[in-house]
Every structure is written in structure tokens, then in C-alpha cells.
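Novice: Sequence isn't available, so here's the structure alone:
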């Protein structure tokens, strides 16, 4: 027994000695200890020495010759595709490393380490270019596009840009990346929801803030990442649908200095704009300031978008249901769109309507010592928006078609605050802590005047509705995430815990006046005036525990548990006002409704990793509980619905090379109903379109299969991105529109009810194929997608299936034959059709041709002419159809050394035809909307760019993991 204890103690298993009272446990631990001791002895026969070789731009040097020489060793290796070399069984702790590669200066370096060190990771080797190389010969071991499992990486130096270019200009040249006129970025068919700089969030991840403000000449690489959250980036355990994240890596020689730009302009029609961007980069420390004021619809920050995937990334999934207001005036309602078709108009600015805006923001990042890093941002915005909309909504049922024509005039004032911060603490090489608090506030004051006319299939039920509403909304939000990770001494054994909490409070006061103009039997008006106080408060808390145990050389067994709890408190007080202003509480329209949604998800996965491929397969079980408590004038009612789901999980990834990969994933998640869908008390805000919630609804369960193939042909330079996804939803929450007539007014009543239905599914396919010619002077790009939505809806309790197809094919050409000419012509065709199984329903078909052209012509060294044109040809949009031709043009004179100053005269929307047309489809409801946008104006502006870098002394920050969380001192976690 003493010998057994001695062996166990030497193997590091002393915590188990107390169990030796059992002979079986003693024998088991003896065998385990002997194996551990044997492996330990084997490991002491030599040590592992590894390193990475890069050039001065930070790019990997491929196939460099590396030689290690000592008194006991003489070893040779070559760097792999990532510039990495590894020597194993090195006997001596004192050795010399020699590195040679064609076109670079030879490196010789001596190393002295203690004998007890068994694994050495050397500092990166930086190779200098040979000064006597022939200038006509360029030797490079790098590829302009690198494709990894979850990352597509572009090298910025391979794309020709002017001195004053910003990040957005670079993105427009990247194959598979699209930037629309509003500045929204799409990569491989999906919207980019967050941006990072050197792996850290920049201004809270706001996309346009970075792409339209950061100069392109400071960029080393652009990475498009499928991000599964903070926890997945460390553990490698990936579940759910990833976000598309843009990571900007700064050049080594541009990471220490100051840069920015200032702009001011005045125009006709009292147009004005002024902005300032200032940045101070000192290696790890980064401070950025942005300010903007204008009445040209230009916004620095996107407070309504982006991703809040902090880290937990609940595999059970949840979506907020706290929105309680249903303030839509007159006519039919559409509560979501399963498909949409825009007209692709050229936009002079962002957003519909006319907007005056002021915003300011500050971003900060620094290393507070060797173990603690801190980064975050604050943004503020005030917006005054005037919006005019014309809308045609068609509701198809077995009885016929109801059409609502409405005109809306909205004036809105919005104030936004957003604060987010991150603290990363790395006490040692095996522990990691990240704390991320956040706060946001949105205040909105809206005034809406609306006129609607409802044309029913029964002409005797036609009526019109004049609506005036005022609403005041206050929405503060607090949240925090805490990530804890520990890596055990045994390789690939890891435990991780993510905790998250979030509170959202929505207080709303509405003043709604409806005047119904009745046509039959005798024309008269029916007046309804209501005051509504709506409070929607929600709390979400969750925990995600992940434990990984190695099995064999390349396998891991993963256990994960996810708990998610969401609580909603909803209160609505409705007061009626009679014609003389006397107020009285309407009990039937007031209620106190609380509900919660709880999920537990337990899963077991097996994950296998090899150099070229990896896969994981597993099964999760998830019980769900949806409980509710309602207090009305009729008493108290309690509801409780339960569910149980089996969720298989599967992922497979194969990397053929650095430029070609294939991925397959399958996952499932739940989504609980929203307040408006559950509330047991009817909403009569619009008396002719009341809404009845269904407290017996079940949560939706969605399953998605995603297949992706990416390939970059190194020899030809061709790039191909493809993606196919199939998604099905059981217990889909759908609308049931029930028709009736008001016995007093003979007007049509359209009641909206909700129920669960099966049969909803979507299929989406996407591709991008890009081909360069003559050293990228010409680039031809084809892109297309095909989406099919099998929509489910009910009308008068009868099921109606809508088959919705959206097909798009586009082509774009980049023409850049010389330094003084850039031309970008393009065209696309989009087709949207809806057909129904109900024979009485009317099928609809719309299409859009979008023709685009933009160019820049430089002449006389410091002059520039720019032109941007777009022509849209819309068909099938009924009376709202418009075919605008948008033309923007400018003349610019550049000044000063480096052309840092520019005086520009610009004309926007020269033919004054700017407008926006869109179509949304929700079941058997089709809505066409036309809204106003900023029209023709002229502006004279001056822009000054400033930058000063200390490139020689600048240091490159630690190369970040694609997820962005491998900073200095960070442990290398297993990835899947």
C-alpha cells in the first residue's frame, strides 16, 4: 500500500489517497497513476520548442527554413502555412536558431533557458526584406485571401486604394463583401452585426462607426468571422446561429500615432453638416472620439442594430417579448415579415424621412498592467425625424380581399445613450475572467397623424379612419455578463461558466384619437378617444456551464448545461375620454399580466479535432415552462404550459487548405411568445382591428441545417462563397384573422388571434463568384440568392399556406486600369412572388431591376470628379410603384502635402426622385410601403485629414484569436 501511495503522490493524484480504503478504487488509481507517471517520464526525455516567423507587415512567412543547433541537437524544420515551426525532443536548453527564406535577411539568434523547462514558445521572429533585391521581382509566400473554419481573411495591401480612402472603400473591393448606400455591410450573404479593432469591440461593435471613420491605410488585414460568443471562442464549443463579425487588424507601423479628420459643409435649403474624428493609438492604448451634427440624415451610430451576444450565447435561445404597445392606427396589422423586397435605390443618406441629428462618442482601450485589460465606449445621439408614408395592405381570405390604403405623417424625437465596458483579467496562464457591464437608454416622443380607408370585399362595410396619436416612451436597460474559465494541467481539460443578467424597462404613455367615418347605412362619425399607460418590465438571467474532458489524442467529451429564466411584468391602464373630456377607467381594456419562460438544457457532445478536419456530435434535452398570471376586473387567472424537446447537435468542418473549406452544422432553439401574443385582455386601440392574445400558446421550436463551402483559387485569383440553409419551426405562432361586422355601425371588424401551427419552413441559398483579370485591374463578380418561405396563416379559422419565393441575381464589375480611374458598374434583378393554397386568395408578383454606376476620375494631380447613379425599375407595386433615377455628382480640389485637405462641391439627387419602396409578407397579409427620403440639395464642404505615426517604434499588439480573446498572457484554448 505504501508503494501505491508513493506512486499516486508522484503522479499528482494525492487528493484521491483518502479513497484507498476500497481495494477496487486503490487498484484503479494505481493503474491510472502508473500511466500518468510513465507519460511524465517520457516527457522528460526532451522538450518542445516552437515559434512563428512573420515579415515586417505581420504576415506569416511560409516554408522558411529553420535550423536548431546545440551541443546535443541538430534539427531542421520548415514553417507551415501559418508561419509556425515546431521542434520536438530537443535535448539541450541552450541552442541557436537560424532562419532563412528567399528574399529575406537571415536570422541567427541564441537562446539560454533553464534545464527544467519542458515546453518553450519563442517570441515571434520578424524577417527583414533584402535591400538588394531586384525591384521587378516580388517574392511572397502569402495569399491575399485565407479561408479558415470560421474566418475569411483579406490582406489589405492587395487592394489598390487612394490616400483618403476609409475602411468602407476597402470593403467594397473585397470579394464576397457588399456595402449598400446606407453603409450596411453584408458578408457571404449575411449582415455584419459587429466590428472589432485588433480583436476588441470598437464603439460597442457599431459597424458604420468603424467602416466610415477609420482610414484604410492603417489596415493590415480584414477578417470576416462567424462568431459564436465569448464562451465559444475560448472553449471551442459552438452552438446556435453565429453572428457575422468584422475584425480590423491595424498595421504594425500604424499602431502608434494620432490620426483623424474634420469636416464642415453648408448647402442650399438650409442644409449643414459638421463632424470630427480623432484617434490616439499608442500600441495597446487606444482612445477615439467622434462628433457629428447635421440635417442630412447622416448618423454615426446605429442604436437599433448590432449584436448583444456578449458571451453566454444561450443554447436554449430566448427572444424578448416585452413590447406591449400596439398603437398602429387604422386598417390591417402586420406583426412581422417573413420576407422582404427592397428596391435597391441609391441612397444619399441613411434612413427614411428627413432627419436632423447630433451625436458624440468616446471609445477607450488599454492594458492596466500585464494581467488586466480594459476597453469600452459611450455613445449619445439626438434625432429629429419627419416621415411621410403611403401604404397599401392587402389581406387575403376565403371571403375575398380587404385592402387598406393609408397615409401616415410622423414626427419623432429620439434620445439615445449607450454605455458598454469590458474588463479582462488573466491572473495566470490557466485562468481567465471577463466582466462586461452595459447600460442603454432610449427616449422617444412621437406624434402621428394617419388617414386610412378600408375597402372590404363587402362594399357595405367600407369605412375610413382618421387617427391622431401621441406617445412618450422611456426605455432604460441594464445588463452584465461574467465569464469564468479554467484550464486544468491535463491538456484539453477545461471548465467554463458564463453568467448573464439583463433588465429592460419600457414605460409608455399613449394618447389615441380615432374618428371612424362610416359610409352605410347612414354616413356618420364614430369617435373613440383613449389614454393608455403601458408598462413592460423584463428580467433575464442565465447560466451556461461547459466542461470538456479529453478522450484520446484528438477527442474531447463535452458536458454542457444551460439555464435561462425570463420574467415579464406587464401592466396596462386604459382610460376613455368622452366628447367633453370626462375620463373613466375602462376595466375590460386594462390588465396586469405577468409571465415567465424557463428553460433547462442538458447536453453531451463528442468532439474530434485533427489538423485538417474536426467534427462534433451530441444530443441535448430541453424542458421548457411557460407560466403566466393575469389580473383583470373579472378576477385572477393562472396559466402554465410545458414542453420537452430533444435537440441533436452536429458540426463538421474540413479545411482542404488555407484557401478552401467546407462546413456543416445543425442546431435547435426555442423562442417564447411575446406579450402582445399572450395577453388575455383584448387590445381595442383600433376598434375595427382588435387584438386578442392567447395565453395558452406554446413556445416555438426552430431547427436549422446550414451548409457552407468557400474556395479561393490561388493561381487564378477566383473566389467562390456558397451557403445553403434549411430551417423548420414547430409550434410556429401565426395569426388568425376573424371577420365580423359591428352591429351598430355595419363596419367590418377584423379580429387578430394567435395560435400555434406546424408546417412553417424556409430554404435559403446564396453564392458569390468573383474573378479578377490583369492583376486585379478588372474584377467581375456574380452574386445571387434564392429564398423560399412556406408561410402559415389562418383566416376565419381556415388554414391558408403562402408560398413565397424571392430570387435575386446580380453582377458587378470593378474597373481600375490606372491610378486615376475607378469605375463600378453593376446590375441586379429581384423577383418576389406569393401564391396561396386558398383558391379565393389573390397571388402577387413584384420585381425590381436595379442598375448602378459609380466612378472616380482623378486629373491634374489634385482634382477629382465623382459620379454615382442608380436606376430602379419596379413592377407589381400597385399604385405605389415608382421608378426613380438617382444621380449624385461632385467636384473636388485637394490641397496640402499628402493631399490632406479637400474642398468639395456636391449635388445630391439631381433629379429629385429619391424615395423608398418595400414589400413585406406575413402569412396572407402583403404590405407595400412608400416613404419619403432626403431629396435634391447642393453642398460645399471642406475636409481635413491629419495623421502622424511613429512606425519605427510602433509595436504590433498580440495577434488576436478570430474570436478576439487571445491577448497577451492568454492561454491557448482548444478550438473546435
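Specialist: Thanks, I have it. Computed from a predicted model, the values in this text were never measured in an experiment. Numbers count the residues shown, from 1 in each chain.

Novice: so residue 722 is in which element?
Specialist: Using DSSP states H and E, residue 722 falls within strand 719-730.

Novice: Which elements pack onto the helix or strand following that strand?
Specialist: Downstream of strand 719-730, the first helix or strand assigned by DSSP H and E is strand 732-741. Applying 3 or more Cβ pairs under 8 Å, 6 or more residues apart in numbering; DSSP states H and E, we find strand 732-741 packed against strand 748-757, strand 778-795. For glycine as for every other residue, the C-beta is placed from the backbone atoms N, C-alpha and C.

Novice: how about these, which one is nearest residue 118?
Specialist: Counting by Cβ to Cβ, residue 118 lies closest to strand 778-795 out of these; the figure is 50.3 Å.

Novice: tilt between the closest one and strand 748-757?
Specialist: Put simply, strand 778-795 runs at 110 degrees to strand 748-757, going by axes from the mean of the first three to the mean of the last three Cα atoms, to 10 degrees.

Novice: average pLDDT across strand 778-795?
Specialist: Strand 778-795 shows a mean pLDDT of 92 in the predicted model.

Novice: do stretch 53-68 as well
Specialist: Mean predicted confidence for stretch 53-68 is 84.

Novice: thinking again about what came up before, now tell me what touches the strand holding residue 722 from outside.
Specialist: If you take Cβ atoms under 8 Å, 6 or more residues apart in numbering as the criterion, strand 719-730 is touched by 145, 152, 175-176, 188-189, 700-713, 758, 760-770.

Novice: Could you list which of these belong to strands?
Specialist: 145, 152, 700-712, 760-770 (DSSP state E).

Novice: Please pick the buried ones from the residues you listed.
Specialist: Buried members of these, counted by 16 or more other Cβ atoms under 10 Å: 145, 152, 700-704, 706-712, 760-762, 764-770.

Novice: give me the low-pLDDT residue ranges for the stretch 801-950 of the chain?
Specialist: Counting by pLDDT under 70, the stretch 801-950 of the chain contains low-confidence ranges at 878-881, 923-924.

Novice: so how far is the first residue of stretch 856-865 from its last?
Specialist: One end of stretch 856-865 to the other measures 6 Å (Cα to Cα, to the nearest Å).

Novice: Buried residues in that stretch, which are they?
Specialist: Counting neighbours by 16+ other Cβ under 10 Å, one finds that the buried residues in stretch 856-865 are 856, 858, 864.

Novice: of these, closest to residue 100?
Specialist: When those are ranked by distance to residue 100 (Cβ to Cβ), residue 858 comes first, at 42.3 Å.

Novice: which residues sit in contact with that closest one?
Specialist: The contact partners of residue 858, by Cβ under 8 Å, 6+ apart, come to 162, 819-821, 864.

Novice: Secondary structure element for residue 172, which one?
Specialist: If you go by DSSP H and E, residue 172 is part of helix 167-173.

Novice: Who does the next helix or strand after that helix pair with, and is each partner parallel or antiparallel?
Specialist: Counting by DSSP H and E, the next helix or strand C-terminal to helix 167-173 is strand 177-179. Take DSSP bridges as the rule and strand 177-179 pairs in its sheet with strand 185-187 (antiparallel).

Novice: Tell me which residues are up against the partner strand.
Specialist: The contact list for strand 185-187 (Cβ under 8 Å, 6+ apart) reads 152, 171, 176-180, 191-192, 207, 211, 224, 244, 246.

Novice: what angle separates the next helix or strand after it from strand 719-730?
Specialist: Of the helices and strands lying after strand 185-187 in sequence (DSSP H and E), the nearest is strand 190-197. Calculated by the same axes, to 10 degrees, strand 190-197 forms an angle of 110 degrees with strand 719-730.

Novice: Pull out the buried residues from strand 190-197.
Specialist: Neighbour-count burial for strand 190-197 flags 190, 192-197 (criterion: 16+ other Cβ under 10 Å).

Novice: again with stretch 604-617
Specialist: Under 16+ other Cβ under 10 Å, the buried positions of stretch 604-617 are 605, 607-609, 614-616.

Novice: Please pull out the lowest mean pLDDT helix or strand from the protein.
Specialist: Sorting the helices and strands of the chain by mean pLDDT, DSSP states H and E puts strand 339-342 at the bottom, at a mean of 30.

Novice: who does the next helix or strand after that strand pair up with?
Specialist: Counting by DSSP H and E, the next helix or strand C-terminal to strand 339-342 is strand 354-367. According to DSSP bridges, strand 354-367 has the following sheet partners: strand 285-294 (antiparallel), strand 372-396 (antiparallel).

Novice: Kindly present these as a markdown table, with separate columns for distance to residue 719.
Specialist: Formatted as a markdown table, these follow (distance: least, Cβ to Cβ, whole Å):
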| stretch | distance to residue 719 |
| --- | --- |
| strand 285-294 | 31 |
| strand 372-396 | 33 |
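
Novice: Could you tell me the least trusted of those strands?
Specialist: strand 372-396 - the lowest mean pLDDT of the strands paired with strand 354-367, at a mean of 90.

Novice: tilt between that one and strand 732-741?
Specialist: 40 degrees.

Novice: What pairs with the helix or strand following strand 372-396, parallel or antiparallel?
Specialist: For strand 372-396, the following helix or strand on the C-terminal side (DSSP H and E) is strand 401-425. Strand 401-425 has the following strand partners under DSSP bridges: strand 372-396 (antiparallel), strand 431-455 (antiparallel).

Novice: Strand 401-425: which residues count as buried?
Specialist: Within strand 401-425, the residues that qualify as buried are 402-406, 408, 410, 412, 414, 416, 418-424, counting by 16+ other Cβ under 10 Å.

Novice: likewise stretch 510-517?
Specialist: Buried positions in stretch 510-517, judged by neighbour count with 16+ other Cβ under 10 Å: 510-512, 514, 516-517.

Novice: circling back to that earlier point, who wins for most neighbours among the contacts of residue 858?
Specialist: Neighbour counts for the contacts of residue 858 peak at residue 864, which has 20 neighbours (criterion: other Cβ atoms under 10 Å).

Novice: Just the element for that residue, please.
Specialist: Assigning secondary structure by DSSP H and E places residue 864 in strand 863-875.

Novice: same deal with residue 627?
Specialist: Counting by DSSP H and E, residue 627 is part of strand 613-632.

Novice: Can you name every helix or strand that that strand contacts?
Specialist: strand 555-577, strand 591-609, strand 635-657.

Novice: Okay, now the sheet partners of the last one, with direction.
Specialist: Strands that pair with strand 635-657, judged by DSSP bridges, come out as strand 613-632 (antiparallel), strand 660-671 (antiparallel).

Novice: Could you do the first one as well?
Specialist: Sheet partners assigned to strand 555-577 using DSSP bridges are listed as strand 524-551 (antiparallel), strand 583-585 (antiparallel), strand 591-609 (antiparallel).

Novice: Among these, single out whichever gets nearest to residue 219.
Specialist: Among the strands paired with strand 555-577, strand 591-609 comes nearest to residue 219, with 31.3 Å by Cβ to Cβ.

Novice: Pick out the most distant pair among the contacts of strand 185-187.
Specialist: Using Cβ to Cβ, the contacts of strand 185-187 span at most 19.5 Å, a distance reached by 152 and 180.

Novice: Provide a list of residues in contact with residue 73.
Specialist: Counting by Cβ under 8 Å, 6+ apart, residue 73 touches 87, 90-92, 95.

Novice: Kindly give a single PyMOL line that selects the buried subset of the residues you listed.
Specialist: Filtering the contacts of residue 73 down to the buried ones (16+ other Cβ under 10 Å) takes a single PyMOL command:
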select buried, resi 87+90+92+95
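
Novice: From the contacts of residue 73, which land in strands?
Specialist: When these are checked against strands (DSSP E), the matches are 87, 90, 95.

Novice: from those, which single one is nearest residue 465?
Specialist: For those, the nearest to residue 465 is residue 87 (79.8 Å; Cβ to Cβ).
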